[in-house]
Every structure is written in C-alpha cells, then in structure tokens.
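Asks: with the sequence up front, the predicted model follows.
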Amino acid sequence: MFYITVFALFTSAFCMNANIKEMVNKDNKNLFGSKSRYKITTSSPPRIKLSETPECADDIRHLCPTSILNNNFAVLDCLQNDKQREDADLSPQCHHLIWTFKRNLTIDNRFVTTAKHMCKKFLETQKECVPLENERGQMLSCLMDFAENATEPECRSFLKKMEAIIFSDYRLIYKFTEECKSDIDQFQCGRLDMDSEDPHSQGETIECLSKQTEKLTPQCRHEILRIAELQGDDFHLDRPLFFACREDRERFCEKVDAGEGRVYRCLMRHKMERDMSQECREKLFQRERLVVHDYKINRGLAKACRENIKIYHCRDQTSDRREIRLAQILLCLENALHKGYPVAGECQAEMLEHRQTLMENYQLTPELTAACEKDVQHFCGRRLELGGKTLHCLMDHAKPSRLDGGRISDSCRRELESLLKQSDVGEDWRVDPVLQEACQPVVDAVCSREKPGEGRVMSCLMKHFDSTHMTEDCKEKLLQIQYFVARDFKLDPALYKRCRKEAETYCHAKKEWYDKPSRMDPERGPIVLPCLYRYAYHPDKNVQLSRECLYEVRRVMRQRAVSVDLLPEIEEPCLLDLTKYCNENVEKGEEMQCLQKNLKDLSSECQKAVSNFTEEESEHLELNYPLFFSCSSILHKHCNELMAKDVDQGDLIQCLILHKNEPEMKMNPKCRISVEHFQLISLKNYKFSYKFKEACKKDVLHLCKNVKTKPEVISCLSGIVTNDTVFEKAHRVSRECRQQLKFELFEREENIKLDPVLNSACADDQKKFCFNVRHEEAQVSMLECLKNHQKDLSSSCHKIIFNREKEEMIDNSIDYALISTCKPMIKKFCSDTEMTQGVAKIMVHTITFQTKHFQHTMRDWKSNGGPRKGGSSEVDKSSFFRRVRLICTTIMYGCSKSTCHTFEW
C-alpha cells in the first residue's frame, strides 16, 4: 500500500507545461526571483514513468538497471547515488526534468493527503504541523523537523524517502533560498537563477555556506543548522559527504547499516586513519564544526542523551533559540556526572566521542580559533596539524618560556582552558589523542589494569612518572595536560568527587562543577588544593578532612611535586627567579631544589613561597619528590612502620637521616645526595626542620629571639643546655626541645658541612692536617681527623672542637662517631632504652675495672668543680674530655683488662 501511494504521488507530481524546452529559458526565467514562475497545472495529468520520458529515457536506461525502471523513486535514488554530480552524464533537458519533478512534488498540495495517510498518528502528536496543511511546502518542513519522533514504520519510511529527494538540491528546501539569498551572493556560493548550461551540483551551495557558519546572518545560519539536523539521521542526505566518503564507507563501515547516524559515527571513529581519504576527512571535519554550533546535528548524541538533557535542564534559558551549542550540553551533563547523578551509558559513550573530537582539532572551536590565530602562527608555525598536535603546541606555550618569558596571549589561554573544561581532559586519558599515542606503551606496561574514567589512568601515569617504563614523550605530553589540571581542582575527578564538600566549606570553592555563565564567580581552582592541604593536618579534629579526601589530597600533592610547573603557588611568584637562577643545567623536576639553593637571592614573593613549601616538605616527605622517589626502597626497608602511618610529621626524613650510612644508602647515591641536600637547605632556617621547629619554637622565642638560621639556633640552645647541666641548674630549655636538640646535634656531628661555624673556622686546618681524607669519607672522618690533631690546630678551630667535645661528654648520645661505631652493642643492650642512657646500661655488662675507672674519673672531675677555669689551659680541659670519651669508647668496645692499658689515658 505504501509504495502504491508514493508512486501515485510521484506520478501526479509530474505537472508541467507541454514543452520542456520552453521552461529552460536561461536568460529570462528565475525560479525564485523573477515574476515569471513555472506554472503547475491543477488538472490530474496522466501517470508518467520517468524512464519513458523523451528527455530522460536514454540517460536513465544508460545509468540505472532495467529492474527498477518502472519505479520513479528507485530511478531518482539511482540517479542521486550513482554520480558525484547531479548532472553527471545527464542531458540538460533530463536534468531539468528531474529537478522540476522533485520541485513539484515538494510543493504539491496532494503531498498533504499522502502525509496524512502515511503519518496519521504522528500528525496527531505534532499539532503544530496541522495548521500548515494549506500552505505549500510548510507541512513537509514541519514534519521533517520532528521526524525523529515518528514511531510508525510507514511514516518514518515515507519521510526518509522525501528527505532523500529534498536534500538532493538546495533549491528544493523550503525557505532556504529566501533566508540565505544574500549570504549566497556574499560568499559566492552559487547562483540563484536557473541556468540549464550550468546546473547546480547537489548540496554544493549548502556545503559552501556551511564553511562560513560563524559569518552567516542569523537567519541563514539557522537554516544551515536546521538542514544539518535533518541530514544527521542518514549520511545519504548530506550529498557532498556521501560522495566524498563512499569508498571510505566501504573500507571502514561496510557492515554498518545506514540510519540514526550510525554511518556518521563509524566514519568519525576512523577519520584519523591513514587510509581515510583526505576529501572524506575534510567533509567530516566540516560536519563536526556544525555539531559544535548545534548538538542536535549529531543524531546519536541527541537521541542517546535526550532524557538526561531534560532531567538536568540542560536547555534552560535557551527556549528562544533552536540551536544549543555542544559545549553547553557537554558541560551540563558532565556537571551531573561529577555530582554523582546518573547519566545513561549510551549518552556517556556519545559524550566521550565528542570530547575526543574537540581535542583532535582545535579549529572546531570558533572562539579558540579566533583567539589563538596569532599564537598559532607565532609558536606553532603556519602549518596546522590535526590529531591534537596544534592544541598541544598551544598547551606547551601556555606556561612562560624560561628563555624569554614568552607565552600565548591571555585571551588564547582562557579559551584553551575553556576547551579543556568542555572536553574534561583529566577524566579519561583517551580523550586526548596525542597523550594516548605517546603513553600507550607506558599504559600497557604499568597501567593495564586501570579502568578508564575518573582519572584513574592519568593518576597511574603520574605515579610511575619516573619509572623505567616511562618515556620522555609521554612525560612531556602528560605534563602539558597536568599543567592545566593543576590549576583547576575540578579537572581531577577523584579529588573533586571526594573533596567537593570540604572544598566548598573550607576553601570557598564553587558549588557546581559547571554553572551557567550568568552565575559564574571568579575561578579559584589554583588555590583550592593548597587550602585543602592546610586542613589535611589541622590540629582541630572538628575541621580535619575526611579520610577519603585526605587520601586524594596527599596523592595529588605527591604527584604534582614532580615539577614546579604543577605548583602554581610556586611557579607564578617565581617566574623571573626560575629564569634567572634555574634556566641552565637544571634537570626537569629539580627546579625546586634550585630555588632552595638560591633562597637568599630570590625575590621577596618567591622567597616567601619557596620557604612555605620547604616547611611543608620538612613535615611531609612525600612533597619532596626527588627525595621521596629516590629513597623509596630504603624507606620501605628501614622506615616501614612510619610509612604505614596516615600522617607524616617529619618522622620520615628523620628516619632517613638516622640510616644515612646504612649500606643500602651508600649504594644509592641519588637518595644520599637528596638527603644531604635537604640537610643543607634546612640550615638556612630552623623552621625547615619540622620536628625541631615544633619542639623548640617557644624556647626560641623566649631564649634565642635574635637568631634565625638553624646553626645559630642550635648553638644558642645547646649552650644554654650545657651550662645548666654543668652547673646543675634547673633547665631553662623545655624537655621536649632538649630531646629534639639531641637529634639535631647528633645530625650536626655526622658531617662537618652541617656545622658551618666549625667548617669555616677549621677550613685551613682541614687542608693542612686532613688533606688525605677521601671525599666519600669526608663526613665524620673529617671531624675525627681534626680531633686527632687537636694540639696543632689553630686557636679558632681548637676552641670550637673543644666545645663540641664538651657537649659530647655531657651527652654521649650526640657523639656520632661513638654511636655509629658501637651501633651493634647499642642495639644489643639498649634497644628498649633511650640513647642518653645507652652507655650507662652497657656499663652494667662490662668488667668491673672499666666501670670503676670511669666512675673515678667522673668523681675527680666533679670534685675539682668541673673543668678548671683558672690556671689550666683549654688544652688541659680538652685532654680531660678526650680521656673520658676514650674510656667510654673502651667500655663500648668491652675491652678486657689486659688490653685496656694500650689506650693512652
């Protein structure tokens, strides 16, 4: 019944004056503009077969199989799909006959009767189309607009057949020429007069206008996008694309049935394949640009996300516009996802494809293209590359150059940030084709078990940033993405998901992942993460972060420590300093160490930022990336219990210092160098040693107000402790500070470089008496060498050495040589005892002679009021302390009575 009805409509539409040639007067006739129009008879003409008309019989029999000659629609389909141009191999008379046939069909009032019959139920639901039945062509236009809602198979088939006819020539599309006449003239997209010598090829005018979408008048742009929407269901309706991609469809999408945008989607997935023809790729790109202006042009996205778009009000405040930009829909749906609301799986799959599309070609985003035109020419060369390469070039130059400070313009950077937000680049690594290509081998090696989505693969790649599997290319592309993710905490999905409420409560973050432009407040992304980190270890448990949020904050801060570029709170105030001090001979990731080494020379703002971060590093070792990464194996072996704790408050770095001379540490030069770097940096300010700062800050304020550097603070406090101990006074330094001070003094004894006062005073003596001390041993060995030559030292060096020995005598736990040499004995007898009590406990296990001798010496020292201040020289006092120290050493070694006499008391 369907084919009988359609055939009757097709044949009756063949209403024209008798002589076809009279209708092709190219000089005087203008189909749309002149007063002289083609006349359409109202009498019922005889039913005619196109294949039997004098004008077309030969052409049709030559081009189409004989089996379809009796079916006018099949003939039209044959002529439209066989040749790339509508007039190819057709005589001018036949071409015009075919066109007039189709034109009459679209405006014939009998179309209404057929439409009512075929789409009865559909018309009942589309009330707005009924009043248009008496206006030529308007009902057809109306039904086409809502064709996707048709449920009756016969109606859908009927409308699809009519679409195939209408889109074969732009002049058949209702209202199109009226709305676009001036644009067609302005952009020279075709002639509106009927010229049989130069007939229009199908779709070329529409294609021409589509390339100028941003420059068209609003009325014409509306028509172009409406046409693209109607074409979206079946790629046959986009004539230029159909012909450009026929072979590509056979190659890539042979088994994909046409309809519902399936062929479009298939071709889009393969558009970057090497075998894809350039002509087809260009047509697909052109269509993608239209989708950016109106998401409904992509039928797959519009259909899959229809319900979610309604539920989450993604079209609110846009009812006055037919076209809704793709960005608005993507951001609205992504906002729902990030808030934990459900979005259909089919919709998410469509969203992912479009996010990938946006990242593949920056020219798809008109605002970005306009804002970055000069930047692309300046930084990326004139040659534009597909596959996301130009976009990554812009990303790479978003951060200032260390050479000349050059970077992309602010307007370009803003649009780049907007695009990365639309594509939600941190959520799924597959969105970025450049990143995927560079990092696929790394993912296969170390992240193959990570499920895509929620930033899991990106986080895995950052975790293995310096693994043996990581490539330089992957590092580079990963950092280009992370540079932007680090400046907007919402682009890290796991962090946003688990910390959103705390960020709103404590850090004034936005309530929505994305909000309407009218309700957008200034971006606070760069400061949210440091703010959260401050609350991670807040002393007030009522405002501490949740366990889940704390885990994510620590993960992100640890991962971003790999490069100063990912720390906007450091990079921005230190731009000039990085260029001045860290531009040459500084490896990637070592910029922070460079800034710390030059701390006193930095600008005030940079110095403040670096000092604050160094204090954080001292408390939380994971922020010190070079040290944490290079020492990971040693941490797991010697500090495993501390690693298991949720909070590190300076314990890990202290653990590494205590194990600095373990065999494993000596075999790991990178770890050892990193530990020493931190020790040397901590000398610049006592606050850079977290446990020392926390334990002694009140004592420093009360007893050592005018000192700042760590050596000065240590010297001040230790002097007070020594005097109070020697003269048996009440301790002025708190017990907590005295305990930590022992560790600091012990650390200082390990390496003469950690004692700058001694190192400076004894510089000449080191060269004179200790020149043969090997570099790898020039730590405790240098200090011991100076002590062995004490009688020959310069006065300034001798005085400081004497004071150091006096401190060691009062508290043997700070004698690094003694403790490190006797470590096995200490472990044996003192594992459950404080180090300060270690020697006393070992004495219990030694022979009586040694114990009594030690006690006698101490008694003699005290009975004489301690070291004599009058007639005795400092050498006498030094000799006394050395005698006691040697006795302690003898006891520690547990020497027998027969061997003890070998020591020169």
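Replies: Everything's here; your move.
Asks: low-confidence regions, the stretch 301-450 of the chain specifically.
Replies: The model of the stretch 301-450 of the chain has pLDDT under 70 over residues 317-322, 382-384, 402-405.
Asks: just the stretch 151-300 of the chain next, same as before
Replies: Judged by pLDDT under 70, the stretches of the stretch 151-300 of the chain that qualify are 164, 166-174, 190-203.
Asks: what ranges do the helices span in it?
Replies: Listed in chain order, the helices of the stretch 151-300 of the chain (DSSP state H, counting those that start in this stretch) span 153-166, 176-186, 204-210, 218-231, 239-244, 246-252, 262-269, 278-293, 299-304.
Asks: convert whichever helix or strand comes after the last one to PDB, retaining C-alpha atoms only.
Replies: Elements were assigned by DSSP states H and E; along the chain past helix 299-304, the next helix or strand is helix 306-311. Output in PDB follows, covering the C-alpha atoms of helix 306-311 (Å, rounded to 0.1, in the frame of the first residue of the first chain):
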ATOM      1  CA  ARG A 306      17.600  13.200  25.200                       C
ATOM      2  CA  GLU A 307      16.200  12.100  28.600                       C
ATOM      3  CA  ASN A 308      19.300  13.200  30.600                       C
ATOM      4  CA  ILE A 309      19.200  16.600  28.900                       C
ATOM      5  CA  LYS A 310      15.600  17.000  30.000                       C
ATOM      6  CA  ILE A 311      16.200  15.700  33.600                       C
END
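Asks: now do the buried residues in helix 306-311.
Replies: 308, 309 (16 or more other C-beta atoms under 10 Å). Every residue, glycine included, has its C-beta placed from N, CA and C.
Asks: ok, the nearest residue to residue 750 once chain neighbours are set aside - contacts?
Replies: Sequence neighbours aside, residue 816 is the residue nearest to residue 750 in space, at 4.8 Å (criterion: C-beta to C-beta, 6 or more residues apart in numbering). Going by C-beta atoms under 8 Å, 6 or more residues apart in numbering, residue 816 touches 746, 749, 750, 780, 783.
Asks: can you count the residues close to the second one?
Replies: Looking back up the chat, that one is residue 749. 24 (other C-beta atoms under 10 Å).
Asks: residue ranges with poor pLDDT in the stretch 651-800 of the chain?
Replies: Looking at the stretch 651-800 of the chain by pLDDT under 70, you get 774-780.
Asks: in it, which spans are helices?
Replies: Here the stretch 651-800 of the chain has its helices, by DSSP H, counting those that start in this stretch, at 651-658, 663-666, 669-682, 690-703, 710-726, 735-750, 756-761, 763-769, 780-788, 795-810.
Asks: which elements pack onto the fifth one?
Replies: Put plainly, it is helix 710-726. Secondary structure elements in contact with helix 710-726, counted by 3 or more C-beta pairs under 8 Å, 6 or more residues apart in numbering; DSSP states H and E, are helix 690-703, helix 735-750, helix 756-761, helix 795-810.
Asks: and if you look at the second one?
Replies: Helix 663-666 is packed against helix 632-638, helix 669-682, with contacts defined by 3+ C-beta pairs under 8 Å, 6+ apart.
Asks: looking at those helices, which is nearest to residue 279?
Replies: With C-beta to C-beta, the closest approach to residue 279 among the helices and strands packed on helix 663-666 belongs to helix 632-638: 53.7 Å.
Asks: after the closest one comes which helix or strand?
Replies: Next element after helix 632-638 (DSSP H and E): helix 640-643.
Asks: can you pull the contacts of the spatially closest residue to residue 670 that is not a sequence neighbour?
Replies: Excluding its sequence neighbours, the residue lying closest to residue 670 (C-beta to C-beta, 6+ apart) is residue 630, at 4.0 Å. By C-beta under 8 Å, 6+ apart, residue 630 lies in contact with 668, 670, 671, 674.
Asks: residues in contact with the third one?
Replies: This means residue 671. 627, 630, 631, 634, 656, 665.
Asks: of those, which is the nearest to residue 724?
Replies: Out of the contacts of residue 671, the member with the shortest distance to residue 724 (by C-beta to C-beta) is residue 656, at 31.4 Å.
Asks: check the gap between the residue lying closest to the closest one once chain neighbours are set aside and residue 743 for me.
Replies: Closest residue in space to residue 656, ignoring its immediate chain neighbours: residue 675 at 5.3 Å, by C-beta to C-beta, 6+ apart. Applying C-beta to C-beta, to the nearest Å, the value for residue 675 to residue 743 is 14 Å.
Asks: then residue 312?
Replies: 57 Å.
Asks: again, but for residue 309
Replies: On the measure of C-beta to C-beta, residue 309 and residue 743 end up 62 Å apart.
Asks: what does residue 360 give?
Replies: The gap separating residue 360 from residue 743 is 56 Å, by C-beta to C-beta.
Asks: looking at these two, which is more packed in?
Replies: Each of residue 360 and residue 743 has its neighbours counted (other C-beta under 10 Å); residue 360 has more, 24 against 19.
Asks: give the contact list for the more buried one.
Replies: 272, 386, 387, 388, 433.
Asks: try 10 Å this time
Replies: Contact partners of residue 360, counting by C-beta atoms under 10 Å, 6 or more residues apart in numbering, are 268, 271-272, 285, 288, 386-389, 391, 423, 431-434.
Asks: and what of residue 494?
Replies: The neighbours of residue 494, taking C-beta under 10 Å, 6+ apart as the test, are 426, 427, 454, 455, 456, 458, 459, 548, 551, 552, 555, 556.
Asks: which strand or helix spans it?
Replies: Here residue 494 is assigned to helix 493-507, by DSSP H and E.
Asks: where does pLDDT dip in the stretch 451-600 of the chain?
Replies: In the predicted model, the stretch 451-600 of the chain carries pLDDT under 70 at residues 515-526, 585.
Asks: contacting residues around residue 789?
Replies: 765, 768, 769, 770, 797, 798, 801.
Asks: let me know the closest of these to residue 364.
Replies: For these, the residue nearest residue 364 by C-beta to C-beta is residue 770; the value is 69.5 Å.
Asks: leaving aside the residues next to it on the chain, what's closest to that closest one?
Replies: residue 785 (4.0 Å).
Asks: against residue 533, how distant is that neighbour?
Replies: Residue 785 sits at a distance of 45 Å from residue 533 (criterion: C-beta to C-beta).
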